[in-house]
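A.B. asks: Below are the sequence and a predicted model for it; my questions follow.
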Amino acid sequence: MALATDALFAESQASGAVVAVVHGDQARAMGFGRINPGDAQPAGATTLVRLQSVSKLFAGELLADLVSRGKVKLSDPLALYAPTGWRAPAQKDPVPPITLINLATHTSGLPREGKVLAGQPAAVAIAARWAWLAQPQRLPPPGAGAVYSNVAFDLLGDALAKASNTSYGAALTAVVTAPLGMADTTSAPSAEQCRRMMAGDPNRKPFPCVDQSGEAASGGLYSTASDMALWLKAQLAPGAEQGRRSISQAVYVRRTQLASAIGLDHAGPADGIGLAWIEQDAGPGRPRLLEKTGGGDGFLTFVVIDPVHRAGVFVGFNNVSGHRLGAVAEAADALAVLLGTEPDAIAIPGVAPAASHAVSSPAAH
């Protein structure tokens, strides 16, 4: 397994990376390279990185939890959770309402962005995107096609917060991160957590470690390899196909149902769309996989799971300008397949990998 994770880091061509690998009840969390190209401090299992759009999977899980407890329905119209006093724009011709499942599967008809500045306080960002949504716009009807949309997930996060009667961050903490002990997964990192953050791509504008609660549902979360190992173990736990995982890991839209699909094929052809998960069908020599990519602000991220064989890989690295996401995703997919077919491929937690540049620590169980 050490050779496979070494290869994963090599494919990134990055100065630093974090990796979490899970198979069954075993988990590894490790760092490669350095936190900052300018010094020798090694990256490790508790090095903070931006999850970027992998954050959407957490919104999908929160949605699944609320559905499983009867708090919301996937078919609920988004307008049901609008701010008090909000009014939908007048439409010349009647169109179906945008539903929560439309938002979570990128089939809402909304564009990629909603003309709302990133990095604003959460209250300001929420008001701005709902004001934008109230403006008359020419949008395709929900469900006709898929367009990858960040604003859709931000609006989904707003709806989930209202359904939970709290902020999105508080709801996510209560339902997902706190029960798993994911103390470093947050949209509002502390000063101590920011001191552990990996530098972004040195060839891109540096982005400070700041509160990103305004876009937490679409891409604002930070995390570590240790936390992502905990999350992957929960995704792949025995019986995970039941309960809320039966909702969060299901596929709701097939590619063949759509007139078009834009922005979904970053890690290979998307055969199906779930609650942020992208499905790649089983093929010769490989099982069905669920994947999600992320990128921006100096980081690229990727997560893949094989639910049947309880195998999963997460990687985050700081080389955006090198366009290495495809190669890294391919290597991560290969590692997930290896884990699923070779039960002894993953080292026992706590045993350091052979490569001298890797820093590893066991993920909590």
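C.D. replies: All right, it came through fine. Numbering: from 1, shown residues only.

A.B. asks: So which residues of the stretch 201-350 of the chain form helices?
C.D. replies: For the stretch 201-350 of the chain, the helices defined by DSSP state H, counting those that start in this stretch cover 225-235, 245-248, 325-341.

A.B. asks: buried stuff in the shortest one?
C.D. replies: Translated: helix 245-248. Judged by neighbour count using 16 or more other C-beta atoms under 10 Å, the buried positions of helix 245-248 are 245, 247-248. All C-beta atoms are positioned from the backbone trio N, CA, C, and that covers glycine.

A.B. asks: Below-threshold pLDDT in the stretch 101-250 of the chain: ranges please.
C.D. replies: For the stretch 101-250 of the chain, the stretches with pLDDT under 70 are 240-241.

A.B. asks: As a check, name the ranges of all strands in the stretch 151-300 of the chain.
C.D. replies: Here the stretch 151-300 of the chain has its strands, by DSSP state E, counting those that start in this stretch, at 222-223, 251-254, 261-262, 272-274, 278-280, 289-296, 299-306.

A.B. asks: And the pLDDT at the most centrally placed residue in the chain?
C.D. replies: Among the residues of the chain, residue 54 comes closest to the average C-alpha position under C-alpha atoms, centre = their mean, at 1.5 Å. We have a pLDDT of 98 for residue 54.

A.B. asks: tell me the contacts of the closest residue in space to it that isn't next to it in sequence?
C.D. replies: In this structure, residue 54 finds its nearest non-sequential neighbour in residue 294, 4.2 Å apart by C-beta to C-beta, 6 or more residues apart in numbering. Neighbour list for residue 294: 50-55, 219, 300-302 [criterion: C-beta atoms under 8 Å, 6 or more residues apart in numbering].

A.B. asks: now do 7 Å
C.D. replies: Contact analysis of residue 294 by C-beta atoms under 7 Å, 6 or more residues apart in numbering lists 51-54, 219, 300-301.

A.B. asks: want to throw these into JSON lines with distance to residue 71?
C.D. replies: Output for the contacts of residue 294, formatted as JSON lines (distance: C-beta to C-beta, whole Å):
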{"residue": "51", "distance to residue 71": "25"}
{"residue": "52", "distance to residue 71": "28"}
{"residue": "53", "distance to residue 71": "25"}
{"residue": "54", "distance to residue 71": "24"}
{"residue": "219", "distance to residue 71": "24"}
{"residue": "300", "distance to residue 71": "34"}
{"residue": "301", "distance to residue 71": "29"}
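
A.B. asks: circling back: nearest to residue 115, of the buried residues of helix 245-248?
C.D. replies: The closest of the buried residues of helix 245-248 to residue 115 turns out to be residue 248 (C-beta to C-beta; 29.7 Å).

A.B. asks: roughly how far apart are that closest one and residue 116?
C.D. replies: Distance, residue 248 to residue 116, by C-beta to C-beta, to the nearest Å: 27 Å.

A.B. asks: same question, residue 249
C.D. replies: According to C-beta to C-beta, residue 249 stands 30 Å off from residue 116.

A.B. asks: wait, doesn't residue 111 sit right on residue 149?
C.D. replies: Yes. Using C-beta atoms under 7 Å, residue 111 is in contact with residue 149, at 6.4 Å.

A.B. asks: who has more neighbours, the two?
C.D. replies: residue 149 (25 against 17; other C-beta atoms under 10 Å).

A.B. asks: Now do the same contact list for the more buried one.
C.D. replies: 106, 108, 110-112.

A.B. asks: make it 6 Å
C.D. replies: By C-beta atoms under 6 Å, 6 or more residues apart in numbering, the contact list for residue 149 reads 106, 110, 112.

A.B. asks: Quick one, which of these are buried?
C.D. replies: Using 16+ other C-beta under 10 Å as the burial test, the contacts of residue 149 include 106, 110 as buried.

A.B. asks: So which of the contacts of residue 149 is the closest to residue 182?
C.D. replies: Of all the contacts of residue 149, residue 106 has the smallest distance to residue 182: 25.5 Å, by C-beta to C-beta.

A.B. asks: For the nearest residue to that closest one once chain neighbours are set aside, name its beta-bridge partners.
C.D. replies: Once flanking residues are discounted, residue 106 sits nearest to residue 146: 4.7 Å by C-beta to C-beta, 6+ apart. On the basis of DSSP bridges, residue 146 is bridged to residue 261.

A.B. asks: For the residue of the chain positioned farthest from its centre, give me phi and psi.
C.D. replies: Most distant residue from the mean C-alpha position of the chain: residue 92, 36.4 Å away (C-alpha atoms, centre = their mean). Backbone torsions for residue 92, taken as degrees, to the nearest 10, come to phi -60, psi -40.

A.B. asks: mind listing what the closest residue to residue 310 other than its chain neighbours touches?
C.D. replies: Distances taken as C-beta to C-beta, 6+ apart place residue 236 nearest to residue 310, at 4.2 Å, with adjacent residues excluded. Residue 236 is in contact with 22, 310, 312, counting by C-beta under 6 Å, 6+ apart.
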